[in-house]
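Student: Dropping a prediction and its sequence here:
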Amino acid sequence: MKKQIELVLQPDKIQDRDYIIQVASRQLKLNREEVKAVIELRRSIDARGSKPHFKLLVEVYLNEMPLEIHPVIHYRPVKSSRKVLIIGCGPAGMYAALKLIENGIKPVIIERGKDVQQRRRDLKLIQQFHQVNPDSNYCFGEGGAGAYSDGKLYTRSTKRGDIKRILSIFVQHGAVSDILVDAHPHIGSNKLPRIIQSMRETIISNGGEIHFNSRLTDFIITDKVIRGVIVNDQTEFSGDAVILATGHSARDIYQLCLRKGVLTEAKPYAMGVRIEHPQAIIDEIQYHGPRGKFLPAASYNLVCQIRDRGVFSFCMCPGGIIIPASTAQGELVLNGMSVSGRDSKFANSGFVVSIGESDWKKYSGLGSLAGLELQKEVEKTAFEAGGKTQRAPAQRVTDFVNGITSSTLPESSYIPGIISSPLHSILPKNIVQGLIAALIVFGKKMKGYYTEEAQLLAAETRTSSPVRIPRDKESLMHLEIKGLFPAGEGAGYAGGIVSAAIDGENCADAVMKYFVQ
């Protein structure tokens, strides 16, 4: 038999398996020999008191062993004559491909960027030489935007699909099993590429195809049914269905949709800055003192309402660095990432304000691309403020609130460099007002958060897609084009690695239902 109980452990005991079994035995008033296994179901840190501790939800096996701790999916070579084209090799695309293979259907992934190893060269170019490859960067390439920008796996999309299944597939392909139990699972940008490569090998070894350096340039549509796509303006791929999973930064795809009569619509999103603190400050606030040897770098999650707008932290990276996520020359976009150890001396987070139709009304003549145009405007302004390089305009938090250009700036993790700039002139007025008011609120919630040792870097603009490609709620098919399944962040239906992966699987399921109609 088995029982579920909660254990409270001091940080120095969290990796001691024998001790955990002893504590479970005592709590259940059993002999140690009766407990055959203790399986962690969930692990979190409780730092509300003066001494932080871990809380474990565990399953205790009494006089029996668990049958299978981590279920494994046995992929087999595809045999069906059906073929599904998947545009994009991010989490939505890769998980859609794996799901199709499970069901014997051949996936053909078409990816504009390079494989996950080859991408490294282009990341070095943008970090060190300010050169942006428009098809290979932090957003484009195998693994998508998450591959080299942190690998955080936390999601609130619990009703959209089986999160445990998504995480188990990561584990099956090389991720540590801790992600199955951590309250905020994280792989790290140093480890995720190897896992993505393993997923690629599973896809190819079972009959799938992946074509890199292959940018979608046209749809083949007849009588409002999609028959295939054209790549690099010359190569034609035919398929029985198309899953469009291009990510939130593939702006040319939205233009293509407009040209081909594929319905799109403007979507609310959020925009702002990255805020960076010394990690020691965040540790001191969250742990009520210096971080101990056995505790991870502390994180935070902040949200408030300012004049009917949400202002919130986003993609918080404890022990992380800020990176340039631009996808074209002439723009500056920031994001954050951490390696698995989260051992940088800095903490950074997106710090953004929700925006909607009233914010982009001057671009209303562009229809569904109006919000996108505002996004582009802010990125161009930030680029110019950074000296027309990938250097980031920056300002101390206290100077930003007081409307003063910073005479000096703190040290930053941002490798391309920072330059003192008045961010009030870079960001739209409504965003500036929201950020200033929220800094005061957050400073009261977290004593020490509002400090001259923290700084803001512009601009964080790509929190989610500013465009949605509408689809039917039941079939997940595009409202007008039969056989086209918009998926993931780029289509406006996800917001992170796990939710995108879930949506990819859901679209693969929808394709299979489409085939049997």
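Tutor: Arrived safely.

Student: List the buried residues for stretch 244-254?
Tutor: 244-254 (16 or more other Cβ atoms under 10 Å). The C-beta positions use only the backbone N, C-alpha and C, and glycine is treated the same way.

Student: Between these, which sits nearest residue 474?
Tutor: Checking the buried residues of stretch 244-254 against residue 474 with Cβ to Cβ, the nearest one is residue 244 at 18.1 Å.

Student: residues contacting the closest one?
Tutor: 87-88, 253, 469, 484-487, 490-491 (Cβ atoms under 8 Å, 6 or more residues apart in numbering).

Student: Please apply the same query to residue 235.
Tutor: residue 214.

Student: Retrieve the pLDDT associated with it.
Tutor: pLDDT recorded at residue 235 is 97.

Student: which residue ranges form the helices in the protein?
Tutor: 17-28, 91-102, 119-129, 163-172, 192-205, 251-259, 279-287, 370-385, 397-402, 429-445, 497-515 (DSSP state H).

Student: for these, which one sits closest to residue 46?
Tutor: The minimum distance between residue 46 and the helices of the chain falls on helix 279-287, with 11.1 Å, by Cβ to Cβ.

Student: mind giving me the domain ranges of this protein?
Tutor: As recorded under automatic domain parsing, the domains making up the chain are 2-62, 83-263+468-515, 268-460.

Student: Nearest to residue 74 among those domains would be which one?
Tutor: Of the domains of the chain, nearest to residue 74 by Cβ to Cβ is domain 83-263+468-515, at 8.9 Å.

Student: Can you report how many residues neighbour residue 261?
Tutor: Residue 261: 11 surrounding residues under other Cβ atoms under 10 Å.

Student: shaky segments in the protein?
Tutor: Within the chain, the ranges that satisfy pLDDT under 70 run 68-69, 157.

Student: Let's see that with 90 instead.
Tutor: 1-2, 32-33, 48-51, 63-72, 80, 146, 148-160, 189, 292-293, 517 (pLDDT under 90).

Student: which other residues reach the strand of greatest length in it?
Tutor: With secondary structure taken from DSSP state E, the chain has its longest strand at strand 35-46. Outside strand 35-46, the residues within contact range by Cβ under 8 Å, 6+ apart are 4, 8, 14, 17, 20-21, 24-25, 28, 52-66, 69, 178, 181-183, 295-296.

Student: Produce a PyMOL select command limited to the buried residues of those residues.
Tutor: This is how PyMOL selects the buried members of the contacts of strand 35-46, with burial counted by 16+ other Cβ under 10 Å:
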select buried, resi 14+20+21+24+25+52+53+54+56+58+60+61+181+182+295+296
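
Student: Distance of residue 357 relative to residue 370?
Tutor: 8 Å (Cβ to Cβ, to the nearest Å).

Student: Spell out which residues are contacts of both of these two.
Tutor: 266, 364.

Student: Pick out whichever of those two has more residues nearby.
Tutor: residue 370 (20 against 11).

Student: right, and that one touches residue 356 too?
Tutor: No - taking Cβ atoms under 8 Å as the definition, residue 370 is not a contact partner of residue 356, at 10.6 Å.

Student: As TSV, the helices of the chain with distance to residue 341 would be great.
Tutor: As requested, the helices of the chain are exported to TSV (distance: least, Cβ to Cβ, whole Å):
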stretch	distance to residue 341
helix 17-28	21
helix 91-102	23
helix 119-129	19
helix 163-172	18
helix 192-205	14
helix 251-259	35
helix 279-287	12
helix 370-385	30
helix 397-402	27
helix 429-445	27
helix 497-515	19
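
Student: most neighbours per residue, which of those helices?
Tutor: helix 91-102 (a mean of 29; mean count of other Cβ atoms under 10 Å).

Student: on that earlier part again, take the contacts of residue 244 and keep only those in strands.
Tutor: 87, 484-486.

Student: returning to that earlier point: now find how far off-centre the longest strand of the chain is within its chain.
Tutor: 27 Å (Cα atoms, centre = their mean, to the nearest Å).

Student: buried residues in it?
Tutor: 35, 37-38, 40, 43, 45.

Student: Repeat that for stretch 212-224.
Tutor: 212, 214-217, 219-221.

Student: which ones are touching the residue nearest to residue 416 when sequence neighbours are not counted?
Tutor: Nearest residue to residue 416 in three dimensions, chain neighbours excluded: residue 390, at 4.1 Å (Cβ to Cβ, 6 or more residues apart in numbering). Applying Cβ under 8 Å, 6+ apart to residue 390 gives the contacts 126-127, 130, 132, 324, 326, 332, 416.

Student: Pick the one among those closest to residue 403.
Tutor: residue 332 (22.2 Å).

Student: count of neighbours near the closest one?
Tutor: Residue 332: 30 neighbours (other Cβ under 10 Å).

Student: Does it touch residue 326 like I think?
Tutor: Yes - using Cβ under 8 Å, residue 332 makes contact with residue 326 at a distance of 5.9 Å.

Student: any shared contact partners between these two?
Tutor: With Cβ under 8 Å, 6+ apart, residue 332 and residue 326 have common neighbours 379, 383, 390.

Student: Any figure for the gap between the first one and residue 130?
Tutor: Just to be clear, that refers to residue 379. Separation of residue 379 from residue 130 (Cβ to Cβ) stands at 15 Å.

Student: just curious, which of the buried residues of stretch 244-254 is nearest to residue 143?
Tutor: For the buried residues of stretch 244-254, the nearest to residue 143 is residue 247 (10.6 Å; Cβ to Cβ).

Student: Excluding covalently adjacent residues, which one is nearest to that closest one?
Tutor: Using Cβ to Cβ, 6+ apart, the closest residue to residue 247 is residue 490 (4.6 Å).

Student: ok, now which ones touch the one you found?
Tutor: 88, 244-250, 253, 465, 469.

Student: Buried among the ones in strands among the contacts of residue 244? Need that as a selection in ChimeraX.
Tutor: Per 16+ other Cβ under 10 Å, the buried members of the ones in strands among the contacts of residue 244 correspond to this ChimeraX selection:
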select :87,484,485,486
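
Student: Quick check: residue 10 touching residue 56?
Tutor: No - contact criterion Cβ under 8 Å: residue 10 and residue 56 do not qualify, at 11.7 Å.

Student: which one of the ones in strands among the contacts of residue 244 is nearest residue 275?
Tutor: Of the ones in strands among the contacts of residue 244, the one sitting nearest to residue 275 (Cβ to Cβ) turns out to be residue 486, at 32.5 Å.
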